[in-house]
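Undergrad: Here's a sequence, model it:
(one chain, ligands or ions: 1)
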Amino acid sequence: MEVMAQFQEVLKQSSLHPKPAGLVLQYGTAGFRTNAKQLDHVMFRMGLLATLRSKKTKATIGVMVTASHNPEEDNGVKLIDPMGEMVTPAWEGYATQLANAEQEDMLTALKDIIEKETINMSQEANVFVGRDTRCSSLSLSQAVLDGVTAVGGHSKDYGLVTTPQLHYMVCCQNTEGKYGEATVEGYYNKLSQAFIRLAKNAPNCTDDQKHLCVDGANGIGALKVREMESLLKTELQISIFNDGTKGKLNYQCGADFVKVQQKPPTGILMNTGERCCSFDGDADRIVYYYVDSEEQFHLLDGDKIATLISTFLKELLTQAGLDLKIAVVQTAYANGSSTDYLENTMKVIVRCTKTGVKHLHHAAQEFDIGVYFEANGHGTVLFSKAAEQKIQQLANDPNTDDERKRAALLLQNTVNIINQTVGDAISDMLLIEAILAIKGMTVQQWDAIYTDLPNRQLKVKVLDRRVIDTTDAERRALSPPGLQEAIDTLVKKYRKARSFVRPSGTEDVVRVYTEAETQESADALAHEVSLAVYRLAGGVGDEPKSLH
Ligand code: G16
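TA: The predicted structure is shown next:
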């Protein structure tokens, strides 16, 4: 189609996905996220934008319709760049401009991007689209597909997939199969084969040790684990709870609920000491937990996962005699005990970035092996090309002695089990299960590696959360005036205390984090800091109440 005619088509189609006048949304921590009723125009426009990005990069781009951990009535969209990573920041800016242009200015906003990026409109474009299980997701993903077609792009609708599966398939497509096959089956085969190979190194694993309870958050993760279950053979026996047949998505279940509330999800049957894990709504996060004989709940969050994985990798590197630089990337939410253990006991490099896997991912790329995890269970491991080559060479070298060869093969299968494009609950679960089996480690032994400092997370509603500006990887507030001083004064009242506040990029709230020597102190501090936010940053509704 000739360019003028194409723009006419965009205008015509756009009128079928009109923007509510005056509505302003921001591309946040992981895309747009708000009540699903406000998103039809955003989806159509993200279909347009993904097509432009595809023309610009001459590669396939992904669009995932999901609001992940948010409640069922919300929805959202995440844009995926050619190598399966989150879309580059400059294009997040374009996404915000395009989504917020009033109906009559939409075409001008689109032409602006085309001009700024010197996009050749006759270039072919290809967009992969996926969606989660929310009831609004089907029609919203149709709006994305309409956007792609309106601007002359080709699309492939993968239907119901987890977010990390779509990231994976975009990467496979753009690397001509080198990363794997761009199908859900290809993903299952690659991961399950690597898992079975790893599990062969744990011949003494009992049936009890091979059992895992999975809370699927009543979302897509439950469906997808069920699809791949049989490929894991007898090496892992999974009981799936909250599979979406009865409960509501993310409601009193899922990784975010378990992490923030520090208690088990409803809808799960767990025996004393049994290993359990929870996914979030689009299966890109995972946390583990168990309940001990005194009915005490124990959470093994992203920090504990990062510690387990980096310990395993470090041991294998030593056994293989490979000199590769390994680092762990965390955010301000990382428990102080985890950072202390990683730096002072394990002696690995630790970096701290802003919240959002896009930030952690880029920091992790600077090392031979970058293990990145947010405390909320969102994370993965990145291997540099050089690191992968060294591992492969060693594994294939006929002169390698047995111990080094075994370590190199374990590393090779570890590379294959990991979804390096983004945090992935299924891939992380398989890696953790393999590590525990190989090390003959129980969940209790894993938990005992270090003891978390008691902590608390709260949310405060304010008129406009953008009044809070932060610095130093979100550990200090620059505005509103007086807030950081107030936090500093409150923190001084408690032993081993720390606190920070930041505006959420996925919900309309300010997040408050505290940790201290005792749970009572962490809770009291969280309440006091919440009050300071409420008073100094324009709180709405009732004042935050004490937790006790
Ligand atoms: C998204 C991001 C995560 C982030 C989380 C919470 O997760 O991908 O990196 O930690 O939001 O962000 P915020 O505190 O800004 O609301 P998900 O799983 O919801 O996509």
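
Undergrad: Which residues of the chain lie near the ligand?
TA: Counting by CB under 6 Å from any ligand atom, the residues of the chain lying close to the ligand are 29-30, 68-69, 280, 284-285, 355-357, 374, 376, 378, 504-507, 511. In short, each C-beta sits where N, CA and C put it, glycine included.

Undergrad: Now the most centrally placed residue in the chain: phi and psi?
TA: In the chain, the centroid-proximal residue (CA atoms, centre = their mean) is His378; its distance is 3.9 Å. Backbone dihedrals for His378, given as degrees, to the nearest 10, come out at phi -100, psi 110.

Undergrad: try Leu409
TA: As for Leu409, its main-chain torsions (degrees, to the nearest 10) stand at phi -70, psi -40.

Undergrad: measure the residue nearest to Ile305 when sequence neighbours are not counted to the ligand for me?
TA: Beyond its immediate neighbours in the sequence, the residue positioned closest to Ile305 (CB to CB, 6 or more residues apart in numbering) is Phe373, lying 5.6 Å away. Computed with CB to the nearest ligand atom, to the nearest Å, the distance linking Phe373 and the ligand is 10 Å.

Undergrad: just Arg404 next, same as before
TA: With distances taken as CB to the nearest ligand atom, Arg404 is found 37 Å from the ligand.

Undergrad: Show the pLDDT at that residue.
TA: Note on Arg404: pLDDT of 95.

Undergrad: again, but for Met1
TA: The pLDDT attached to Met1 in the predicted structure is 67.

Undergrad: gap between stretch 302-310 and the chain center?
TA: In this view, stretch 302-310 has its centroid 15 Å away from the chain centroid, taken as CA atoms, centre = their mean, to the nearest Å.

Undergrad: And stretch 201-212, by the same measure?
TA: Averaging C-alpha positions (CA atoms, centre = their mean) puts stretch 201-212 28 Å from its chain's average.

Undergrad: mind listing what's buried in it?
TA: Neighbour-count burial for stretch 201-212, counted by 16 or more other CB atoms under 10 Å, picks out 202, 205, 209-210, 212.

Undergrad: out of those residues, what pair is the most spread apart?
TA: Spanning the widest gap among the buried residues of stretch 201-212 are Ala202 and Leu212, at 14.1 Å by CB to CB.

Undergrad: can you confirm Thr266 is in a helix?
TA: No - under DSSP: H, G, I helix; E, B strand; the rest coil, Thr266 sits outside any helix and is assigned coil.

Undergrad: contacting residues around the closest residue to it other than its chain neighbours?
TA: Of all residues beyond its chain neighbours, the one nearest Thr266 is Gln252 (4.5 Å), with distances taken as CB to CB, 6+ apart. Residues counted as contacts of Gln252 (CB atoms under 8 Å, 6 or more residues apart in numbering) are 265-267.

Undergrad: So for Gln252, what's the pLDDT?
TA: In this model, Gln252 is scored at 98, pLDDT.

Undergrad: Name the SS class of it, please.
TA: What three-state DSSP gives for Gln252 is coil.

Undergrad: quick thing: my sequence starts at 327, can you match it?
TA: Sure thing, new numbering starts at 327, so read that last one as Gln578.

Undergrad: quick one: Glu869 from Glu399, how far?
TA: Glu869 sits at a distance of 27 Å from Glu399 (criterion: CB to CB, to the nearest Å).
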